[in-house]
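1. Structure, please.
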Amino acid sequence: MSKDELALYTIYRSSAAWRVRIALNLKGLKYESRPVDWNGESMKEVLSLNPAARIPVLVHNGKVLTESLAIVEYINETFPGPKFLPTDAYKRHQSRAIALHIACGIQPLQIGRTNDKVEELAGAGTGPKWAAYWLYRGIEELEQMVAKTAGKYAIGDEVTIADVCIPSILFNARRWNADISAFPVLLAIEKNLSEIPAFADAHPSKQLDAPKA
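-> Predicted coordinates for the structure are as follows:
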């Protein structure tokens, strides 16, 4: 096991932090989890590390890393263990395309600050409807993308950066009451991923700051 010091600023339900937790777990890396309260002192620390005030932030031996997909690729390149990007150039492109569709195409349209602004401009109750609409539409497109590449996972039978992004966006769809029952390829992949300990242990319910039942 590496002696590298790793600290992750995280929020249990953050999609972006969830991706990084999966990547760290897949590599078998030990890290210090530093849960963040959006309205507390910990957020001031995050702001000092990341001017965009976004989660996650990973600190590796004093180096500050931001933006979840960039962090995942850094983890992939820096540490021994399973690789998240295929050696074949075309499959590598496919895995990145799926990951980017989720992280850049779907996620920004359903995050809290987007919904808050929608409600400010369009009235109370419009935020959740906005989120559900864009989640459904984005996941509908995602199903068609993944149907062309899937095996047991998003790109054949090897876990890639695409799979790192899938659980959280389906979780968010359910959270915003978007009906995803008509997407069997994604649901099968989600089930297969949930049986991998690295994915199961990254679930929001397993995090230090998750609400206690």
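
2. give the contact list for the residue nearest to Arg21 when sequence neighbours are not counted.
-> Using Cβ to Cβ, 6 or more residues apart in numbering and skipping the chain neighbours, the partner closest in space to Arg21 is Ala202 (3.8 Å). C-beta: built from backbone N, CA, C; applies to glycine. Ala202 is in contact with Trp18, Arg21, Ile22, Asn25, Pro167, counting by Cβ atoms under 8 Å, 6 or more residues apart in numbering.

3. Could you tell me the model confidence score at the residue lying closest to the third one once chain neighbours are set aside?
-> Closest residue in space to Ile22, ignoring its immediate chain neighbours: Ala202 at 4.5 Å, by Cβ to Cβ, 6+ apart. If you check Ala202, the pLDDT there is 98.

4. okay, now Ile111: neighbour count?
-> Residues near Ile111, counting by other Cβ atoms under 10 Å, number 15.

5. who touches the top helix by length along the chain?
-> Ranked by residue count and defined by DSSP state H, the top helix of the chain is helix 126-147. With Cβ under 8 Å, 6+ apart as the test, helix 126-147 has contacts from 97-98, 101-102, 105-106, 109-110, 114-116, 118-119, 122, 154, 162, 169-170, 172-173, 176-180, 183, 185-186, 189.

6. What of stretch 73-82?
-> With Cβ under 8 Å, 6+ apart as the contact definition, stretch 73-82 has outside contacts at 2, 4, 20, 23-24, 26-29, 58, 60, 65, 83-85, 159, 161.

7. please redo it, this time with the cut-off set to 6 Å
-> Contact with stretch 73-82 is made by Ala23, Leu26, Lys27, Gly28, Leu65, Phe84, as judged by Cβ atoms under 6 Å, 6 or more residues apart in numbering.

8. Then stretch 107-123?
-> With contact meaning Cβ under 6 Å, 6+ apart, stretch 107-123 is reached by Ser15, Thr126, Gly127, Trp130, Ala131, Trp134, Leu135.

9. coming back round to it: gap between the residue nearest to Ile22 and Thr126?
-> As judged by Cβ to Cβ, to the nearest Å, Ala202 and Thr126 stand 32 Å apart.

10. and what of Trp38?
-> Remark: distance between Trp38 and Thr126 (Cβ to Cβ) = 22 Å.

11. Give me the more crowded residue out of those two.
-> Just comparing Trp38 and Thr126: by other Cβ under 10 Å the higher neighbour count belongs to Thr126, 14 against 11.

12. Show the pLDDT at that one.
-> 89.

13. If I look at the residue of the chain positioned farthest from its centre, what pLDDT would I see?
-> In the chain, counting by Cα atoms, centre = their mean, Gly123 sits farthest out from the average C-alpha position, at 29.0 Å. Per-residue pLDDT puts Gly123 at 89.
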